[in-house]
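Student: mind looking at a prediction? Sequence and model below.
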Amino acid sequence: MNTTELITKITESCKKQIDERLYITAADCLLDVGFITIADYEAWEDGKIEYLEKICRASTQELSQVLNSIRSYAKEERLKSTQLPYNGVNGRLYFSKRKQDNVECAYRTIYMDPSLKKRDIQ
């Protein structure tokens, strides 16, 4: 998939998430564009996968494009951002191999409709 196609798929995912529940997560975008499967995601949540990027069917450049496109969409739509903790069976879940704060922060950031309160997010 080329960059234009990827950005289109990410934008469609963002719109769908906002329409359905008023917030966007990077993990759901990865699911929607086909970079991970539900089974992969659940294995990660269950602590069977050390970090989410390990099972992504995408290059580092593509993963970066996902995060940048989500951020751009959220800015254009004037969505609020907040951090969402990701905890699994064995404690905190990590997205990246190196567990760098800036990368983890980008994945943990959710973007939500200004009318939504953080406590309303499941």
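Tutor: Done, it's in. Numbers count the residues shown, from 1 in each chain.
Student: what about stretch 31-41, start to end distance?
Tutor: Using CA to CA, to the nearest Å, one end of stretch 31-41 lies 8 Å from the other.
Student: distance of Tyr111 relative to Glu20?
Tutor: 14 Å (CB to CB, to the nearest Å). In short, each C-beta sits where N, CA and C put it, glycine included.
Student: quick one: which of those two has more around it?
Tutor: Remark: of Tyr111 and Glu20, Tyr111 carries more neighbours, 23 against 9, as counted by other CB atoms under 10 Å.
Student: quick one: that one from Asp19, how far?
Tutor: Using CB to CB, Tyr111 is found at 14 Å from Asp19.
Student: what about the strands in this structure?
Tutor: Using DSSP state E, the strands found in the chain span residues 23-24, 80-83, 87-88, 91-92, 109-112.
Student: packing partners of the first one?
Tutor: Counting contacts by 3 or more CB pairs under 8 Å, 6 or more residues apart in numbering; DSSP states H and E, strand 23-24 packs against helix 3-21, helix 60-76, strand 109-112.
Student: at 7 Å what do you get?
Tutor: Counting contacts by 3 or more CB pairs under 7 Å, 6 or more residues apart in numbering; DSSP states H and E, strand 23-24 is packed against helix 3-21, strand 109-112.
Student: before we move on, what about the second one?
Tutor: Using 3+ CB pairs under 7 Å, 6+ apart as the contact criterion, the elements in contact with strand 80-83 are strand 109-112.
Student: what distance separates the start and the end of stretch 72-88?
Tutor: Across its full length, stretch 72-88 reaches 29 Å between end residues, using CA to CA.
Student: if you could redo that for stretch 71-81, that was the one I meant.
Tutor: Looking at stretch 71-81, the gap from its leading to its trailing residue is 9 Å under the measure CA to CA.
Student: C-alpha coordinates for stretch 43-56, PDB please?
Tutor: As requested, the backbone C-alpha atoms of stretch 43-56 are provided in PDB (Å, rounded to 0.1, in the frame of the first residue of the first chain):
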ATOM      1  CA  ALA A  43      -2.500 -12.000  22.600                       C
ATOM      2  CA  TRP A  44      -0.700  -8.700  23.300                       C
ATOM      3  CA  GLU A  45      -3.400  -7.700  25.900                       C
ATOM      4  CA  ASP A  46      -3.000 -11.100  27.500                       C
ATOM      5  CA  GLY A  47       0.800 -10.500  27.900                       C
ATOM      6  CA  LYS A  48       1.800 -13.200  25.300                       C
ATOM      7  CA  ILE A  49       3.400 -10.600  23.100                       C
ATOM      8  CA  GLU A  50       6.200  -8.400  24.600                       C
ATOM      9  CA  TYR A  51       5.200  -5.300  22.600                       C
ATOM     10  CA  LEU A  52       2.600  -4.500  20.000                       C
ATOM     11  CA  GLU A  53       5.000  -3.400  17.200                       C
ATOM     12  CA  LYS A  54       6.500  -6.900  17.200                       C
ATOM     13  CA  ILE A  55       3.400  -8.300  15.600                       C
ATOM     14  CA  CYS A  56       2.600  -5.400  13.300                       C
END
